[in-house]
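Colleague: For reference, the sequence and a predicted model appear below.
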Amino acid sequence: MKRLNIGCNKVYKEGWVNLDIDRNYKADVYHNLNIYPYPFKNKEFDYILASHIIEHLDNPEKAVKELKRILKDDGEICIIVPHYTNPMACSPRHKTFYSYKTIAHICEGMKIKERKLIFTPKYRFMEWFAGKFPVFYENTPLRMFPAKEIRLVLTK
């Protein structure tokens, strides 16, 4: 199984292909993810992890389309982004905010296998309810218990 960790930063994964733009971090490949195409062959990877990187890119839809290109037909892409209620989502380095519904906008041509709101231990009690009623959670005062992130798993 060939796995890609894009935007690896400080999280270098042994046995994976690790990609980052910053040469101050250990990576196997250095590349700016705003420049296309990515330096990989078509259908090269079985699994792609994009943890806390998509929100930094100029064109997230184009990036996901490029990830689809390098993903094998039976592969999976796992995208993790901060939820808009997370105070860290407001970082000046982030170019896009995501909610349960808006994350699907970057997934054109992909099937959503999983979409889940993740909470910190302090607010974990909200995870079941927000999992059953995510839009209700986001559109009522319940969002005062901020979600940490959204986890999205895509297939072709």
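Modeller: Received the coordinates, thanks.

Colleague: Can you tell me what sits against the helix or strand harbouring residue 46?
Modeller: According to DSSP states H and E, residue 46 maps onto strand 45-51. Here strand 45-51 makes contact (Cβ atoms under 8 Å, 6 or more residues apart in numbering) with 1-7, 11, 13, 16-17, 63, 67, 70-72, 74-80. Every C-beta, even on glycine, is put in place using the N, C-alpha and C of the backbone.

Colleague: Okay, buried residues for that strand please.
Modeller: Neighbour-count burial for strand 45-51 flags 45, 47-51 (criterion: 16 or more other Cβ atoms under 10 Å).

Colleague: Partner strands of it, with direction?
Modeller: Applying DSSP bridges, strand 45-51 is found paired with strand 3-6 (parallel), strand 71-82 (parallel).

Colleague: Dump those to a markdown table, plus mean neighbour count.
Modeller: Formatted as a markdown table, these follow (neighbours: other Cβ atoms under 10 Å):
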| stretch | mean neighbour count |
| --- | --- |
| strand 3-6 | 23 |
| strand 71-82 | 19 |
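
Colleague: For these, could you give me TSV that also reports mean pLDDT?
Modeller: Formatted as TSV, those follow (pLDDT from 0 to 100):
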stretch	mean pLDDT
strand 3-6	98
strand 71-82	97
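
Colleague: export these to a markdown table and tack on distance to residue 131?
Modeller: A markdown table is the format used below for the strands paired with strand 45-51 (distance: least, Cβ to Cβ, whole Å):
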| stretch | distance to residue 131 |
| --- | --- |
| strand 3-6 | 26 |
| strand 71-82 | 16 |
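
Colleague: pretty sure residue 76 is touching residue 153, no?
Modeller: Yes - the pair formed by residue 76 and residue 153 meets the contact definition of Cβ atoms under 8 Å, at 5.7 Å.

Colleague: list the residues that contact both of these two?
Modeller: residue 113.

Colleague: so what's residue 59 closest to, chain neighbours aside?
Modeller: Closest residue to residue 59 in three dimensions, ignoring its sequence neighbours and counting by Cβ to Cβ, 6 or more residues apart in numbering: residue 34, at 7.4 Å.
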